[in-house]
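**Student:** This is a predicted model, with the sequence first.
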Amino acid sequence: MSPQALRRFAIALVSWLVLLAPAVAGNYPDRVVRIVNPFPPGGSVDVMARLLAQKLSENMGQQFIVETRAGAGGNVGAESVAKSEPDGYTLLFTAPGPLVVNQTLYTKGLPFDPPRDFAPIALFAISPIVLMVNPQLPVTNVQELIAYAKKHPGEINFGSAGNGSTPHLCGELLKTMADIDIVHVPYRGTGPAMNDLIGGHIQMFFDLLPASLQQIESGKVRALANAGAQRPAVLANLPTVAEQGLPGFDANSWEGLVAPVGTPAAVQAKLIAEVRKVLQSPDIVARIAALGSQPGTAFGKDFGTFMQAETAKWAAVIRKSGARAD
């Protein structure tokens, strides 16, 4: 084929794709859409994913289902989505781990590249994190916890939802900033970690508020501090870690939706518009608030910029603490 013929073919192909894009978006979705949760069921990611899936199903007239594919700090589920057909029918809904944390924490590398393999759709919610202890631990605030840890080095075990999870990094941040010797115990999800905190098998746990609020309110665990820079409305009387003697301590988690890179731009735009609509629904806003979280406000490229900043933030924490997952 001559260069001129190749050029004409390329122009025709691009024109055809441009004409096809609105039709693709107009028909989307015409079958079930899978939203992959890369963490065990029952945690904050699972709770938020089901809120989103239910509302998208109602609004778009097609079923969105949540599929759990947990393992390796979220990497298993994330890899499956990264390698799936980029057609908008397989999406990833996740906490920070596989998108912004694991590329630094897993020193041997990941089987996918977050900024290269995913197209950002929406930051769905920002979830506060709370520092909790077993009620039998004789501490009622952060300073007492630090003093106890200094008197009993290596005796406080802190749980997490797994290596690279935000609760894990919060513990590492506290360990570094307070200069205390506490021991990380990774679990396969927040549910098992919470059960062991209640049972006294571990003494300390940072957890996302949506999954822990009920246990705090029931008195099964003792909340010592909010991990973020501001107090969430549902725990407005609980001081932050920074307010209790560690200025600069600031840690929140979040849940976001991404698609495999290569997903048609029109489909991405439709997803962004629909998630934005979900986050403007009074019932969803009220439900997210009841879980102690805030609706997200970053979509598309803005969400991508947000993730870049998060990657740099947590990479600094990981390197300073020396944490690693392999």
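**Tutor:** Thanks, I have it.

**Student:** For Ala286, what is the enclosing helix or strand?
**Tutor:** Take DSSP states H and E as the rule and Ala286 turns out to sit in helix 282-290.

**Student:** so what secondary structure elements neighbour that helix?
**Tutor:** Here helix 282-290 is seen to pack against helix 44-60, strand 294-295 when contacts are counted using 3 or more CB pairs under 8 Å, 6 or more residues apart in numbering; DSSP states H and E. Every residue, glycine included, has its C-beta placed from N, CA and C.

**Student:** quick one, the very next helix or strand once past the first one and helix 44-60 angle?
**Tutor:** Sequence-wise, the next helix or strand downstream of helix 44-60 (DSSP H and E) is strand 64-68. Strand 64-68 and helix 44-60 are oriented at 160 degrees to each other (axes from the mean of the first three to the mean of the last three CA atoms, to 10 degrees).

**Student:** neighbouring strands for strand 64-68, and are they parallel or not?
**Tutor:** Taking DSSP bridges as the criterion, strand 64-68 pairs within the sheet with strand 33-37 (parallel).

**Student:** Per-residue confidence, the most centrally placed residue in the chain, what does it come out as?
**Tutor:** Of all residues in the chain, the one closest to the mean position by CA atoms, centre = their mean is Ala95, 1.1 Å from it. At Ala95 the predicted local confidence, pLDDT, stands at 93.

**Student:** what's near enough to touch it?
**Tutor:** By CB atoms under 8 Å, 6 or more residues apart in numbering, Ala95 lies in contact with Phe39, Ser44, Val45, Gly74, Ser165, Thr166, Leu208, Ser253, Trp254, Glu255.

**Student:** Low-confidence ranges, this structure, go.
**Tutor:** Where the chain drops to pLDDT under 70, the residues are 1-25.

**Student:** Show me the domain layout of it.
**Tutor:** What the record gives for the chain is the domain set 3-127+253-321, 128-244, from automatic domain parsing.

**Student:** Just the endpoints, please. Distance across the shortest one?
**Tutor:** Its first and final residues considered, domain 128-244 spans 17 Å by CA to CA, to the nearest Å.

**Student:** Could you report the neighbour count for the nearest residue to Leu99 once chain neighbours are set aside?
**Tutor:** Using CB to CB, 6 or more residues apart in numbering and skipping residues adjacent in sequence, the residue nearest Leu99 is Pro114, 4.9 Å away. When neighbours are counted by other CB atoms under 10 Å, Pro114 registers 19.

**Student:** can you pull the contacts of Pro114?
**Tutor:** Contacts were defined as CB under 8 Å, 6+ apart; by that measure Pro114 touches Ala78, Pro98, Leu99, Val100, Gln103, Met307, Thr311.

**Student:** who wins for neighbours among the residues you listed?
**Tutor:** In terms of neighbour count, Pro98 stands highest of the contacts of Pro114 at 29 neighbours, by other CB under 10 Å.

**Student:** so that one sits in a helix?
**Tutor:** Yes - according to DSSP: H, G, I helix; E, B strand; the rest coil, the state of Pro98 is that of a helix.

**Student:** Report the contact partners of it.
**Tutor:** Shown in contact with Pro98 (CB under 8 Å, 6+ apart): Pro38, Gly73, Gly74, Asn75, Gly77, Ala78, Leu92, Leu110, Pro114, Gly164.

**Student:** and what of Phe39?
**Tutor:** 45-46, 68, 70, 74, 77, 94-95, 97, 161-162, 189-190.

**Student:** hmm, 7 Å instead?
**Tutor:** Under the criterion of CB atoms under 7 Å, 6 or more residues apart in numbering, the neighbours of Phe39 are Val45, Asp46, Ala70, Gly74, Ala95, Ala161, Gly189.

**Student:** Report the buried residues of the helix holding Ala286.
**Tutor:** Ile284, Arg287, Ile288 (16 or more other CB atoms under 10 Å).

**Student:** repeat for stretch 27-38
**Tutor:** Of all the residues in stretch 27-38, those buried under the rule 16+ other CB under 10 Å are Tyr28, Pro29, Val33, Arg34, Ile35, Val36, Asn37, Pro38.

**Student:** if we can go back for a sec, dump the buried residues of helix 282-290 into a markdown table; add distance to Cys170 as well.
**Tutor:** Conversion of the buried residues of helix 282-290 to a markdown table gives the following (distance: CB to CB, whole Å):
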| residue | distance to Cys170 |
| --- | --- |
| Ile284 | 27 |
| Arg287 | 25 |
| Ile288 | 21 |
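
**Student:** Would you map the strands across the stretch 1-150 of the chain?
**Tutor:** Counting by DSSP state E, counting those that start in this stretch, the stretch 1-150 of the chain has strands at residues 33-37, 64-68, 90-94, 118-133.

**Student:** what's the angle between the longest one and strand 90-94?
**Tutor:** Counting by the same axes, to 10 degrees, strand 118-133 points 30 degrees away from the direction of strand 90-94.

**Student:** Strand 118-133 versus helix 282-290: what angle between them?
**Tutor:** Taking the same axes, to 10 degrees, strand 118-133 and helix 282-290 form an angle of 40 degrees between their directions.
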